[in-house]
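Visitor: Below are the sequence and a predicted model for it; my questions follow.
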Number of protein chains: 2
Amino acid sequence: MLDALFRPRGVAVIGASTKELHIGNRVIKNLIDFGYKGEIYPINPKADEIRGLKAYKSILDVPGPVDVVHMVIPAKFVPQAVEDCGKKGVKHIIINSGGFSEIGPKGAAIEKDFLERAAKYGIRIFGPNCQGIINSDPDIRAYCNFTFTYPDPGYISIVALSGGVAEVIHQGFSSMGVGTRIYASNGNACDITIPEIIRYLGDDEGTRVVVTYVEGLRDPEAFMEAATEVAAIKPVLAMKAGRTAEGAKAAASHTGGLAKEDIATDLIFQKAGILDFRDEGELINAAAAFASQPIPKGDRVGIITNTGGPAVIATDVLVAAGLKMPPLSEKTEAFLKERLYPEASVHNPVDVLATGTAEHYRACLDAMMDDDNFDCVFVNFVTPFFVDTESIAKQIVEVSKQQRKPIVCNLMTDRRQWTETVRILQEGGVPCFALPSEAARAMAAMVRYRRILDRDKGTVKNFADVDTKAARDIISQAKAAGRRMLTAAEVYGICDAYKIPTASWAVADSAEKAVKAADKIGYPVVVKADSESIVHKSDMGAVALNLENGEAVAEAIKQMQAKFDASDLQFLIQQFTPGGLEVILGAKAEPGLGHIIMFGLGGIYVEVLKDVVFNLTPVTDAEADGMLASIKGAALLDGVRGQAGVNKEQLAETIQRLSRLVSDCPEIVELDLNPVMAFEKEIRAVDARIAIE
Amino acid sequence: MLDALFRPRGVAVIGASTKELHIGNRVIKNLIDFGYKGEIYPINPKADEIRGLKAYKSILDVPGPVDVVHMVIPAKFVPQAVEDCGKKGVKHIIINSGGFSEIGPKGAAIEKDFLERAAKYGIRIFGPNCQGIINSDPDIRAYCNFTFTYPDPGYISIVALSGGVAEVIHQGFSSMGVGTRIYASNGNACDITIPEIIRYLGDDEGTRVVVTYVEGLRDPEAFMEAATEVAAIKPVLAMKAGRTAEGAKAAASHTGGLAKEDIATDLIFQKAGILDFRDEGELINAAAAFASQPIPKGDRVGIITNTGGPAVIATDVLVAAGLKMPPLSEKTEAFLKERLYPEASVHNPVDVLATGTAEHYRACLDAMMDDDNFDCVFVNFVTPFFVDTESIAKQIVEVSKQQRKPIVCNLMTDRRQWTETVRILQEGGVPCFALPSEAARAMAAMVRYRRILDRDKGTVKNFADVDTKAARDIISQAKAAGRRMLTAAEVYGICDAYKIPTASWAVADSAEKAVKAADKIGYPVVVKADSESIVHKSDMGAVALNLENGEAVAEAIKQMQAKFDASDLQFLIQQFTPGGLEVILGAKAEPGLGHIIMFGLGGIYVEVLKDVVFNLTPVTDAEADGMLASIKGAALLDGVRGQAGVNKEQLAETIQRLSRLVSDCPEIVELDLNPVMAFEKEIRAVDARIAIE
């Protein structure tokens, strides 16, 4: 429980300093200036007072309870100081100092040392090498942090390892006049983790929106669990950086190798229901909208404007983001025709004209709140000198306070001249943006969260017909034999065990047996030479396609026997199934997280165009359907230009069976079904490969 | 020449009002408050003075020269007022009032009337239904406009029909502390056009950057000419809105149908060398960077930072935009190792640490300016309380003023607390942004302009071997016969005349003649029934593929004769050329602009994936090569996975021949070569269609 950390009764600073530019002084200044409601205890063996507060020689001398201790002392002194805190009964220690695991083995040893001591006393550590926390709750007002952005109380909480970006985001809210609730930047995070904090913020009633920034995830599974829980009850907004190879390298250099260029984080965000952002500005704007507005019930937006062009830009952005712009209901149209200027445009966008008054805005707002055609309202508001903009602002605030449908406001003004208008809107809790695109994207994010809440997450199907033991036995044998790549017989055996459809197959070690097998499978067949030494079968002449009879099979095998002199040489005889749509399925182990499942179009065109999608195990039925629907060439699965579609049910089922297989057999590090030939009636993998660790 | 408009010696306001909230009063207030250097003449038959200035009963009473007149009077009084202005020798009239062509025929008649009168006197009209102009040149300071954003003098000029968006952009600069030069928003633009103004801004030495916003183009060709000229000497930044159907509809409602959802505007931007933006915020930020920084010589960026995460975000954005992040030169690395803290990261990004001083920043800046590995420098600058941020800011300003390589600065601070640091940077002309992505995109835009300047625009090849007369004759005949769709013989005849490669062909009206033709072409052949009544040949059974001999040809024709009872029935006999890569080429007339030429991958996959690119006639050799390179599946043209590539030279040449054909024969409204079969040796169109007007 992190309550004592975020709502401390008393805060002591070990390493409190009399020097103004020292962090051990700044933390005390911040606590005082921010109006901390608890007791502040500077600890300094030499000073009598610091910033007007009595200083104590030791934490053990402090009279009252201390929930949080700041440590701003060299790393080597930290373990003993933790011991002292333990004796004092301290609950949490925020270690601002650096010099621990981030600098290498020597620092890591100190980290291990103090962690053991903390555990002995039940003390939880925040940091080290971190900024600290802020809680703007008027009952607490704890600024246990050495940064400089003093937030107004608000509803957005921010959590991140990286102090730099967390602070940038924090400043973003501050400069918009939007308050924040809890701020936590925990640096090395050697004990208290980001997932723990996210869960705390989920429970914190004062937090309406959780914002996080990541460069890599320490414990992806714990993150996913916590985020999934919290995202179901309040919006969780996240941004991942280090997306390019260069960015990942830059991130690794300041996080000590944690970051990498990956797709797993995106998939975690998606599966957990996190709203992911590629742009920190967009994230800031969306959070500001969530902070004060209700979640829209749907995706239909009405626009009110007093100037043309910005409404066009907003429309473009909203529509491109998938929102709908329905017409006004007849009732609304009639209502507004009576109330607005005759030249006003009574469509969606409604243009009240630059001369439009507060009454006009109010009429539009009321009508759109009443009109069942709309789920949310976008207000474009330029401030001409000839209208009473303060009254317009007041009307927007009043309607916003009703909390019936979300409102965003693109406020186009000179904020230094129209200060009162700006103040009315901001203090009234109307999310105000300076550009139509920004406001539109914030609204689009709210609709995106509605879709997350409404989405069918599906269920993980339990395939009772799979033979897990058979698959695991095959893998154990290969493992025992020291093989990393499974043989054809093993691969197809595993597929059979999990009812993953493949072209009928058999394995033979001689031409004679091969012909017999081919006779049984039925012609035409394919013959593939199989040996650990043959890696790229097609390129090496190890594949003979479309063999129409036994002689052709025998001849092909003869040639391959001549070409490949391998002791483990065997032959895979497969039904030849040309035509159909080529697709690919695959799985790849993701450390700490299960597997990534891939689906995409195959064939040469699509190899170049890279039309593939991913998901994380376990893939549910709804997620498998979603994968089919989300490739760019999805229309091909349904059939185009007179061509038949493919059996999508079986394709989706196979994705789920694959997911089940790799979940049951985590030793599988890579699995490829490439290609799978998809027909109207059925799908069949015609080439498969499995690698184990 | 628009000099008198933008640099007026005297300004009169016809419709000057004593009422404060009237535009006829506001314009005078703006001129006074902004410090206009010329004479201001309120014209009002009833008032003696307005805002402390002597008012005149008529423009004819004004003693001094009047270069610009504002008209803020009802539409019906405008024609007579224009007459008066003519008599007075006025050069330009800004008509702020509305009630003209934007309201329909009645208003359009008045517009026509005053335009004729103005022409008589050589008066140029700005507007009507517009905001007006601003020129912040300290020698002029003309605020002939009723809006409210008073700019500092600067180097960015803004021009747009839509006042709403122009004003939003203007406010964007103002709120960043970035000055502007000329502002012009000309509403209906019945006389002075956007292209004219763009050309004027090109000539204006005080303008370093031109910014424009469009929803549609009145005269695309004039726009393209002016923009091409100006973009070659200074950056022209543009944004087009109304990109979605809904956005275009919203735009049409306020511009009177000018806007439409098109690709032509994008192509104009591209061909003219305009930097196009999809986001007004990005445009504003880029313009701010151009305003004070030199154009980079290349695309290699060095980053200096005092905090980790924001540099990671910047790296991601820069790299994703195609910029390069080279390592420091050995010399730079050695130099910085001596000068920075030992814990500092002496790679790219260089991390001077939060405790980094002004000397550290200066050392990095100097080193990167000297280091030939870098063309531009990105500065990340957070303002910790424990460093002297003002000194750091001063160093950044000093180096920026050297104008050696462009600098952008991501300034992460609380601007209300660090006011002096902000002031030093802004007044020092360092483009400062509040978020790493914003700063990075601004830098990327500068590199984008460098690429435009350096690009090979290529030359329009003059194909001496084309037979224009033959093609034009065919079209004339079809036109005379009243046909919109050309027959196969006509289509392929035109292709032959322009040496556009097609599969060998002949046209026959009987089985006998068809067999003879097929014998000559060589088997296998394709037979297609050709008649105006057969629109979708494949679907209607009008195509017989892969006919291997004369009997097959005769049989196919017999069946088609039985099926199609058309008086104009003929048969196209074509060489059958299966295999190869299917591509498509096309042309479409674009009113006022020539033709749009299309190239893309064909076939069913790509029909779904829509991998096509466009350009405008005349397509140069470099542009044709660029089209081939810019499809997503470009790798297929070069050959992948052991497959041979295609004859790209011939493909590029065919694009140019097509461009030449439609330029020579503008009656062609649509032309499709679909598919063209592309082989290693040659390409051949196997189906073609031409529509004329």
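Guide: Cool, the structure landed.
Visitor: Any stretches of chain A with poor pLDDT?
Guide: By pLDDT under 70, the low-scoring segments of chain A are A:255-261.
Visitor: Give me the domain ranges for it.
Guide: A:1-145, A:149-292, A:295-454 (automatic domain parsing).
Visitor: Go through these and name the closest to B:D414.
Guide: Closest to B:D414 of the domains of chain A, according to Cβ to Cβ: domain A:149-292, at 5.3 Å. Glycine gets a C-beta too; all of them are placed from N, C-alpha and C.
Visitor: Quick check: which element contains A:V399?
Guide: Secondary structure assignment for A:V399, by DSSP states H and E: helix A:389-401.
Visitor: sorry, back to before: need the domains of chain A in JSON lines with mean neighbour count and distance to chain B, can you?
Guide: Below are the domains of chain A laid out as JSON lines (neighbours: other Cβ atoms under 10 Å in any protein chain shown; distance: least, Cβ to the nearest Cβ, whole Å):
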{"stretch": "domain A:1-145", "mean neighbour count": "20", "distance to chain B": "4"}
{"stretch": "domain A:149-292", "mean neighbour count": "22", "distance to chain B": "3"}
{"stretch": "domain A:295-454", "mean neighbour count": "21", "distance to chain B": "3"}
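Visitor: Can you check which of the ones you listed gets nearest to B:F576?
Guide: Comparison of those against B:F576 by Cβ to Cβ identifies domain A:295-454 as nearest, at 44.0 Å.
Visitor: before we move on, back to that, list of residues touching the helix holding A:V399?
Guide: Residues outside helix A:389-401 that contact it (Cβ atoms under 8 Å, 6 or more residues apart in numbering or on different chains) are A:292-293, A:356-359, A:361-362, A:365-366, A:369, A:379, A:381, A:383, A:407, A:409, A:413, A:418, A:420-421, A:424-425, A:428-430.
Visitor: can you give me the helices in the stretch 451-600 of chain A?
Guide: A:468-480, A:488-497, A:511-521, A:550-563 (DSSP state H, counting those that start in this stretch).
Visitor: hey, which of those helices is tucked in deepest?
Guide: Of all these, helix A:488-497 has the most neighbours on average by mean count of other Cβ atoms under 10 Å in any protein chain shown, namely a mean of 21.
Visitor: Alpha carbons of it, as CSV, please.
Guide: Extracted in CSV, the C-alpha atoms of helix A:488-497 (Å, rounded to 0.1, in the frame of the first residue of the first chain):
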residue,chain,number,x,y,z
ALA,A,488,9.7,-31.9,-40.6
ALA,A,489,8.1,-34.9,-38.9
GLU,A,490,8.3,-33.2,-35.5
VAL,A,491,6.9,-29.9,-36.8
TYR,A,492,4.0,-31.5,-38.6
GLY,A,493,3.5,-33.8,-35.7
ILE,A,494,3.0,-30.9,-33.4
CYS,A,495,0.7,-29.2,-35.9
ASP,A,496,-1.4,-32.4,-36.0
ALA,A,497,-1.5,-32.6,-32.2
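Visitor: Who are the packing partners of that helix?
Guide: helix A:468-480, strand A:505-508, strand A:525-530, strand A:570-575, strand A:688-692 (3 or more Cβ pairs under 8 Å, 6 or more residues apart in numbering or on different chains; DSSP states H and E).
Visitor: Work out the sheet partners of the fourth one and label each with its direction, please.
Guide: If I follow you right, that is strand A:570-575. When pairing is defined by DSSP bridges, strand A:570-575 lines up against strand A:505-508 (antiparallel), strand A:525-530 (antiparallel).
Visitor: how much does that strand deviate in direction from helix A:488-497?
Guide: Here the directions of strand A:570-575 and helix A:488-497 differ by 40 degrees (axes from the mean of the first three to the mean of the last three Cα atoms, to 10 degrees).
Visitor: phi, psi of A:T207?
Guide: phi -90, psi 120 (degrees, to the nearest 10).
Visitor: Can you give me the distance of it to B:D519?
Guide: Distance of A:T207 to B:D519, given as Cβ to Cβ, to the nearest Å: 83 Å.
Visitor: Same question for A:E246.
Guide: 63 Å.
Visitor: before we move on, back to that, could you identify the helix or strand that succeeds the helix holding A:V399?
Guide: As assigned by DSSP H and E, the chain's next helix or strand after helix A:389-401 is strand A:407-412.
Visitor: next SSE after that next one?
Guide: Of the helices and strands lying after strand A:407-412 in sequence (DSSP H and E), the nearest is helix A:419-427.
Visitor: The helix or strand following that following helix pairs with which strands, and in what direction?
Guide: Per DSSP H and E, the first helix or strand lying C-terminal to helix A:419-427 is strand A:432-433. Strand A:432-433 pairs in its sheet with strand A:407-412 (parallel), by DSSP bridges.
Visitor: Name the residues that touch the partner strand?
Guide: Outside strand A:407-412, the residues that touch it by Cβ under 8 Å, 6+ apart are A:289, A:293, A:307, A:310, A:314, A:365, A:376-383, A:396, A:399-400, A:421-422, A:425, A:430-436, A:438-440, A:442-443, B:164, B:167-168, B:171.
Visitor: That one vs helix A:389-401, what angle?
Guide: Using the same axes, to 10 degrees: strand A:407-412 against helix A:389-401 is 160 degrees.
Visitor: now the angle from strand A:407-412 to helix A:419-427?
Guide: Using the same axes, to 10 degrees: strand A:407-412 against helix A:419-427 is 160 degrees.
Visitor: Can you show me the strands along the stretch 551-693 of chain A?
Guide: Secondary structure of the stretch 551-693 of chain A (DSSP state E, counting those that start in this stretch): strands at A:570-575, A:581-590, A:594-601, A:612-616, A:668-678, A:683-685, A:688-692.
Visitor: so what secondary structure elements neighbour the fifth one?
Guide: Packing contacts for strand A:668-678, counted by 3+ Cβ pairs under 8 Å, 6+ apart, involve strand A:581-590, helix A:648-664, strand A:683-685, strand A:688-692.
Visitor: hmm, back to that, nearest to B:P138, of the domains of chain A?
Guide: Closest to B:P138 of the domains of chain A is domain A:295-454 (Cβ to Cβ; 20.9 Å).
Visitor: Quote the end-to-end distance of that closest one.
Guide: Domain A:295-454 has an end-to-end distance of 12 Å (criterion: Cα to Cα, to the nearest Å).
Visitor: Figure out which of the helices and strands packed on helix A:488-497 is closest to A:E590.
Guide: When those are compared by Cβ to Cβ, strand A:688-692 sits nearest A:E590, at 14.4 Å.
Visitor: who does the closest one touch, helix- and strand-wise?
Guide: helix A:468-480, helix A:488-497, strand A:668-678.
Visitor: Which element, helix or strand, includes the residue nearest in space to the middle of chain A?
Guide: Chain A has A:F269 as the residue nearest its centroid, 2.3 Å off, counting by Cα atoms, centre = their mean. Remark: A:F269 resides in helix A:264-272, with elements defined by DSSP H and E.
Visitor: Quick one: list the elements packing against that helix.
Guide: In this structure, helix A:264-272 makes packing contacts with helix A:220-231, strand A:236-240, strand A:275-277, strand A:612-616, judged by 3+ Cβ pairs under 8 Å, 6+ apart.
Visitor: Could you check how far the longest one is from the centre of its chain?
Guide: What it means is helix A:220-231. 10 Å (Cα atoms, centre = their mean, to the nearest Å).
Visitor: follow-up on the earlier one: reformat the domains of chain A as TSV; add distance to B:V535.
Guide: Formatted as TSV, the domains of chain A follow (distance: least, Cβ to Cβ, whole Å):
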stretch	distance to B:V535
domain A:1-145	69
domain A:149-292	45
domain A:295-454	33
